[in-house]
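Participant: Sequence and predicted structure below; questions after.
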Amino acid sequence: MKKEIHPDNYRLVAFKDMSNDEVFITRSTANAKDTIEIDGVQYPLLKLEISNTSHPFYTGKMKLVDTAGRVDKFRNRYQKHMDSKKK
């Protein structure tokens, strides 16, 4: 193997699913601005909109996950068009 090609900042990082507050810890090189304390240990924190614990494919439940309000923005933008179609 070639030397000095692997990243130096490979460490344990906490990932948090913001739709259901599930947290898991794994190794990563991703940069994190926030931190979280789990069992007395500080970890860099990366926030996710969706993970395997909330995605309909993995959960088997068809629920709408809209943490950024995209569906509401779409409905507000095209409300007049949708109302004219109903008449």
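Facilitator: Happy to help now that I have it.
Participant: helix or strand right after the lowest-mean-pLDDT helix or strand in the chain?
Facilitator: Using mean pLDDT, DSSP states H and E, the weakest-scoring helix or strand in the chain turns out to be helix 56-59, at a mean of 64. Sequence-wise, the next helix or strand downstream of helix 56-59 (DSSP states H and E) is helix 70-77.
Participant: so how far is that next one off the chain centroid?
Facilitator: 20 Å (CA atoms, centre = their mean, to the nearest Å).
Participant: what's the average pLDDT for it?
Facilitator: Regarding helix 70-77, the rounded mean pLDDT is 73.
Participant: Likewise for stretch 26-37?
Facilitator: Stretch 26-37 comes out at a mean pLDDT of 93.
Participant: What residues sit buried inside it?
Facilitator: By 16 or more other CB atoms under 10 Å, the buried positions in stretch 26-37 come out as Ser28, Ala32, Ile36. For every residue, glycine as well, the C-beta is placed using N, CA and C.
Participant: how about Lys80, secondary structure?
Facilitator: Following DSSP: H, G, I helix; E, B strand; the rest coil, the label given to Lys80 is helix.
Participant: got a pLDDT number for it?
Facilitator: pLDDT at Lys80 comes out at 71.
Participant: Nothing else from me, thank you.
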